[in-house]
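Visitor: next comes the sequence, and after it the predicted model I'd like to discuss.
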Amino acid sequence: MKRAGRSRRAKVVFDEGTWFAVPLRSGGFAAGVVARTTPRGGVVLAYFFRRLWDRPPSLDEVKGLMPQAAIRVMQVGDLGLVDGTWPVIGRDLDWHRDEWPSPRFIRRDDLSRRAWIVQYSDRDPNVVESETPTSYDTKLEDDGLYGAGAAEIVLTKLLS
């Protein structure tokens with residue numbers, strides 16, 4: 001499931017297990033890894049980590065990070081990867097898909113105070129596999145698709 005980005009800078013290829021850096025609005029970089037991609041591109045499921053770097057980290061610096069250390073798992077648009085504003089660090093050849101699950105998310109309706117657990121397809125993070133009613137107070141990552149800029153803002157707030 002490789003995605004070749006169209007960019008003036010260079011052709012960017014990323015797949016599951018590809019590490020990348022996200023520039024933060026306050027300076028520095030966060031690290032992320034692609035856990036799932038959509039077959040046609042456009043959306044990736046990515047894990048993001050707490051450590052703040054003053055430069056994009058090397059593959060050796062990030063490939064030991066594990067999913068349990070992630071501060072956020074989000075579905076994000078792949079524009080930052082495609083246009084090169086999120087530098088690709090490299091692909092970890094020892095990355096194992098089954099260790100990086102596609103998590104369940106929670107979708108809340110604030111007006112009715114109702115909520116649903118949302119599970120996306122393991123093959124396509126853009127396809128809802130199931131929605132199950134749950135308690136409004138369930139503790140899961142919020143469901144939603146973040147554009148590159150919105151993801152940068154979320155990560156900046158988490159790491160500031």
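Guide: Received the coordinates, thanks. Residues are numbered from 1 along each chain as shown.
Visitor: quick one: contacts of the lengthiest helix in the chain?
Guide: Using DSSP state H, we find that the single longest helix of the chain is helix 148-159. Here helix 148-159 makes contact (C-beta atoms under 8 Å, 6 or more residues apart in numbering) with 22-26, 28, 30, 48, 50, 52, 71-72, 74, 76-77, 79-80, 85-86, 146. Any C-beta I mention is one placed from the backbone N, CA and C, and that applies to glycine too.
Visitor: what is the neighbour count of D110?
Guide: Neighbours of D110 under the rule other C-beta atoms under 10 Å: 8.
Visitor: so how far is G144 from it?
Guide: Distance from D110 to G144, counting by C-beta to C-beta, to the nearest Å: 13 Å.
Visitor: overlap of the contact sets of the two?
Guide: Joint contacts of D110 and G144 (C-beta under 8 Å, 6+ apart) do not exist.
Visitor: quick one: which helix or strand includes A115?
Guide: Using DSSP states H and E, A115 sits in strand 114-120.
Visitor: how about that strand as CSV, C-alpha atoms only?
Guide: C-alpha atoms of strand 114-120 as CSV (Å, rounded to 0.1, in the frame of the first residue of the first chain):
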residue,chain,number,x,y,z
ARG,A,114,-24.9,10.2,23.4
ALA,A,115,-21.7,8.4,22.2
TRP,A,116,-20.6,5.6,20.0
ILE,A,117,-17.4,3.5,19.9
VAL,A,118,-16.2,3.6,16.3
GLN,A,119,-14.0,0.9,14.8
TYR,A,120,-12.4,1.6,11.4
